[in-house]
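Participant: I would like the atomic coordinates for the input below:
(2 chains)
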Amino acid sequence: MRQFKTIFKYEFKNYLTNKVFVGVTLALIILLGGITFIPRLIGSDDADSTVNIADMPVMLVSCNTVEAGNLDSDIVKTIFAETFKDYNIVVTEENVEAIKEKITSKQAECAFVLDSYTSYTYYVDNLSLYDTNAETARQVFQNMYRMNAMITEGISPEAAQSIMSAQIEYETQSLGKDQVQNFFYTYIMIFALYMVILLYGQMVASSVASEKSSRAMELLVTSAKPTSMMFGKVLSSCLAGLLQLAAIFGTVIVCFNINKTYWDSDGIMAAFFNIPTELLIYMLVFFVLGFLVYAFLYGATGSVVSKLEDLNTAVMPVTLLFIVGFMIVMMTMSSGNTDTLLLKVASYVPFTSPMAMFTRIAMSRVAAYEIAISIAILAVSVVLVGVIAAKIYRMGVLLYGKRPSIGTIISTLRKEKTRR
Amino acid sequence: MVLEFKEIEKSFGDLKVLKRVSFSAQSGKAFGLLGRNGAGKTTSIRIMMNVFSQDGGEVLIDGQKIDYHKVKFGYLPEERGLYPKKKISEQLIYFAELNGLSYKEAVDSVNYWLERLGMSEYKNKRLDSLSKGNQQKIQLITALAHNPDIVILDEPFSGLDPVNAMLLKDVVKEVIANNKIVIFSSHQMNYIEEFCDSIAILNGGQIAICGDLYDIKRNYPRNKLVVRSVDSDKIQAECGLACEKGEAQGEIIIMLPDAADKKAIMQKLTEKYDIDEIKIFEPSLNDIFVEHAGKQI
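Facilitator: Residues are numbered from 1 along each chain as shown, chains lettered A, B, ... in the order given. You can find the predicted model right below:
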């Protein structure tokens, strides 16, 4: 226990004095903290500068081919200007060829040509991925058509107007989980787990591998028990990781609260900062346990390579295992149905359960005993993987040269076991 | 305290590395564990320190199974290596703490040893800024700072200049005088001969010869005389016995037909010639080593 404490303290201090670690943390704090200030900065910009209508891109609207032909060009312009606030609306009577010419010669950005009351063509030079004008205009034309129809049927324009603008109010009450809202923190948690496990896993692995390549190992294995060594290293990296995340998210939360009023319109951000406490606790539990399982695997892998250069290929299977879990969760999440058999199975397998079970808890209805079983399996696995990792470590650290195959490792571990 | 290695066996896969290896080392004395490369020295040391478990046999302390919680080892591995990028005092304290000292004890001990080895000025430097010899001295501190009962030194003199070698000799003598068990493993036979009272030579995972160095030497036939004299040529021509040139200038080795004659012949020679030195020939450790480990089993 004392050895564990010594190792834990030493390794933890190593993280805190590591320039890269401190640098990355500070950079992320500044970057993410800074992002929360963006709406405040943009907001003040908008108030100061109003763009002159003449500087806005030109949108041509042509109604002269419409059979009914009696659309008032002023009304058309007003309606379009209201909907497309970022455009300079010009109602034109030119023919289609001339309009096309204007667009290709960049005199106009886009154009709507009404073929009839119920059909129109949208002309644009390069159709951008985010161009929704054609779709937006549909509503406008539909309203124009309905208004017109009502007026022809003898309803007064005012009455028609009020019929058209009647607002229906609605509200959604989710009796289970609100997938829309929970999606974001599930997503962020899974992503944070992904980043942190890969980053810290590599750090643990390379810390072990560099001790081996600098031959400090020769002395370490004779001075400390491999279990103390492994647990000390992994738990200190876990604490360092949590501390880093706490520092980053803590700053972001503080900064967000400073800028809260500017973010009010953004439901995603607001939802993210309103995580229910219960979910936050599960997040922490799965985060820590998931982190530990993988950090032990990475540590054990680090101990079987002789040179740092070999580390990247050696950790590949562990990384792949993790990515498989990540993919299962991500694919299920984006499909919207989190009650699939695959995800259910994955939520009990210790290498995928941190992500899978958390996703299920956040996005679906899961019985308490299921959560308890999953956590219990995971916790037992952490200890088991830790002990096995320590054994591999003890065996791996003194074997230089050829990397032992998984078969050799297993058979050696078995032999060790039968001897005891 | 007596450390006993009893019938130790160890295999790696199909390869038998140690075959019923037995030897013992006493406190207050130095023990030399010798052998050619790959003979099984390092494996023996690792089993001794419980890094590997043996397939058969026992490691005993005073006849009892060794309790690794009680017996403290200090180890200077042949493959030197600490944390190259870390501050020297920091890592020395870390290792001392790992070996059971409290933080305060570790700091005191590390400071004492840095001072003792003339390394205090490097205390706050990074290890990789030091020369090889100085790094070796730092490594030595990791073996001694926690006041171990058994000190294992693997090639302790390699890479040291004569002044540092002298310093290390003094330190080793001090450790032996403090009633510790000191186990040497080295290929520099002169150092082993200087320090070790008993030795074991491993060859191919077996003990080729083991015991008190003095006794081993005495067991060789005592039928050769080493004579150093200005008259060596004359002696060689006149004595009527088979002679051969020795290694040093003016040194000859006279073969005696019968070991019992040695006293009479020595007397005769000292009376007749100007003799600087005359003694019974004893094999050097080097000779013994070559004889027992020369042919790899």
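Participant: Packing partners of the helix or strand containing A:Leu16?
Facilitator: Take DSSP states H and E as the rule and A:Leu16 turns out to sit in helix A:2-17. Where contact means 3 or more CB pairs under 8 Å, 6 or more residues apart in numbering or on different chains; DSSP states H and E, helix A:2-17 is packed against helix A:226-258, helix B:88-98. C-beta: built from backbone N, CA, C; applies to glycine.
Participant: So which residues on chain B come close to chain A?
Facilitator: Contact residues, chain B versus chain A (CB under 8 Å from any CB of the partner chain): B:46, B:49, B:51-53, B:55, B:73, B:75, B:77, B:79-84, B:94-95, B:97-100, B:139, B:142.
Participant: Filter the residues you listed down to the buried ones.
Facilitator: Neighbour counting by 16 or more other CB atoms under 10 Å in any protein chain shown classes B:46, B:49, B:51-52, B:55, B:73, B:75, B:77, B:80-83, B:94-95, B:97-100, B:139, B:142 among those as buried.
Participant: which of the residues in the helix holding A:Leu16 are buried?
Facilitator: With burial defined by 16+ other CB under 10 Å, the residues of helix A:2-17 counted as buried are A:Gln3, A:Phe4, A:Thr6, A:Ile7, A:Phe8, A:Tyr10, A:Glu11, A:Phe12, A:Asn14, A:Tyr15.
Participant: Which residues does the helix or strand that it is followed by contact?
Facilitator: In the C-terminal direction, the helix or strand that comes right after helix A:2-17 (DSSP H and E) is helix A:19-35. Under the criterion CB atoms under 8 Å, 6 or more residues apart in numbering or on different chains, residues A:Tyr15, A:Leu16, A:Ala240, A:Gln244, A:Ala247, A:Ile248, A:Thr251, A:Val252, A:Val254, A:Cys255 lie in contact with helix A:19-35.
Participant: Please dump these into TSV; it should also carry pLDDT and distance to A:Phe326 for every row.
Facilitator: Listed next are the contacts of helix A:19-35 as TSV, based on pLDDT from 0 to 100; distance: CB to CB, whole Å:
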residue	pLDDT	distance to A:Phe326
A:Tyr15	88	25
A:Leu16	90	29
A:Ala240	90	22
A:Gln244	89	20
A:Ala247	90	24
A:Ile248	88	20
A:Thr251	89	26
A:Val252	85	23
A:Val254	87	30
A:Cys255	86	28
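Participant: Leaving out the residues flanking it, which one is nearest to residue 254?
Facilitator: No chain specified, so I'll use chain A. A:Gly33 (8.0 Å; CB to CB, 6 or more residues apart in numbering or on different chains).
Participant: wrong one, chain B
Facilitator: B:Leu225 (4.5 Å).
Participant: now that neighbour, what's its secondary structure?
Facilitator: strand (DSSP: H, G, I helix; E, B strand; the rest coil).
Participant: What are the phi and psi values at the residue of the stretch 101-250 of chain A found nearest chain B?
Facilitator: Among all residues of the stretch 101-250 of chain A, A:Arg215 sits closest to chain B, at 2.7 Å; criterion: CB to the nearest CB. Here is the backbone geometry of A:Arg215 (degrees, to the nearest 10): phi 70, psi 20.
Participant: quick one: contacts for the closest residue to it other than its chain neighbours?
Facilitator: Excluding the flanking residues, the one nearest A:Arg215 by CB to CB, 6+ apart is B:Gly81, at 2.7 Å. Counting by CB under 8 Å, 6+ apart, B:Gly81 makes contact with A:Ser214, A:Arg215, A:Ala216, A:Met217, A:Glu218, A:Leu219, B:Gln139.
Participant: Out of those residues, give me the one that has the most neighbours.
Facilitator: When neighbours are counted by other CB atoms under 10 Å in any protein chain shown, A:Glu218 leads the contacts of B:Gly81 with 26 neighbours.
Participant: Mind naming the longest helix for chain B?
Facilitator: In chain B, with assignment by DSSP state H, the single longest helix is helix B:162-177.
Participant: and A:Val329, what element?
Facilitator: helix A:316-335.
Participant: got the angle between the longest helix belonging to chain A and helix A:226-258?
Facilitator: Longest helix of chain A, by residue count under DSSP H: helix A:179-213. If you take axes from the mean of the first three to the mean of the last three CA atoms, to 10 degrees, helix A:179-213 sits at 140 degrees to helix A:226-258.
Participant: what's the angle between helix A:179-213 and helix A:316-335?
Facilitator: Taking the same axes, to 10 degrees, one finds helix A:179-213 and helix A:316-335 inclined to each other by 170 degrees.
Participant: I appreciate the help and will end here.
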